[in-house]
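>>> got a structure for you, letters missing:
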């Protein structure tokens, strides 16, 4: 009985490892991005050309990663919805930051700029030039400061 259990565990572990090894990263053109991602890039970056665009395919998911120069990296989900915009310590375009969050930051941290913005199932996280990380819910209401 124990041997069958061990064998089953090894088979499952091998299957999971095999599936994850199938991940593929491919350089693609802007036109190959989902429409939502193309619209996001056009709205917030205009005609600025990315350094590269990667399609990161795994068995159960696909993500897209776009990089501009030495600074801004953007991650999109398989539908082209943005998940993260990271300026690598440089400010990200103001137009990306939702109005309510931008207003909160301007009122409470007037000298700071947003260098990273993430959206997840529970809300937003904004990183500022001073290193503080602010958490907001999906309604863009401030929740707390993370350090």
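Thanks, I have the structure now. Note that this is a predicted model, so its numbers are computed, not measured.

>>> Bridging across strands, which residues link to the residue nearest in space to the middle of the chain?
Centroid-nearest residue in the chain: residue 84, 2.5 Å away (criterion: CA atoms, centre = their mean). Beta-bridge pairing for residue 84 (DSSP bridges): residue 75, residue 118.

>>> any idea how far it lies from residue 69?
For residue 84, the distance to residue 69 (CB to CB, to the nearest Å) stands at 17 Å. Where you see a C-beta, it was placed from the backbone N, CA and C, and this is true even at glycine.

>>> re earlier: so the residue nearest to the centre of the chain sits against residue 72, correct?
No: Residue 84 is not in contact with residue 72 according to CB atoms under 8 Å; the separation is 10.6 Å.

>>> hang on, the earlier thing: for the residue nearest to the centre of the chain, what are its contacts?
Contact partners of residue 84, counting by CB atoms under 8 Å, 6 or more residues apart in numbering, are 73, 74, 75, 116, 117, 118, 119.

>>> Model confidence score at residue 56, please.
pLDDT recorded at residue 56 is 90.

>>> Could you do residue 15 as well?
54.

>>> Flag every buried residue along stretch 95-113.
Residues of stretch 95-113 classed as buried: 96, 97, 101, 102, 104, 105, 109, 112 (neighbour count, 16 or more other CB atoms under 10 Å).

>>> now swap in stretch 133-145 and tell me
So for stretch 133-145, counting by 16+ other CB under 10 Å, buried means 134, 135, 136, 140, 142.

>>> From those, pick the one nearest residue 125.
Nearest to residue 125 out of these is residue 135 (CB to CB; 5.6 Å).

>>> For the helix or strand harbouring that closest one, which outside residues touch it?
Element membership for residue 135 (DSSP states H and E) is strand 133-136. Residues from elsewhere that reach strand 133-136 (CB under 8 Å, 6+ apart): 100-101, 104-105, 123-128, 142-147.

>>> do the same with stretch 62-73
Stretch 62-73 is contacted by residues 28, 33-34, 37, 41, 45, 48, 50-56, 74-78, 80, 83-88, 90, 92 when judged by CB under 8 Å, 6+ apart.
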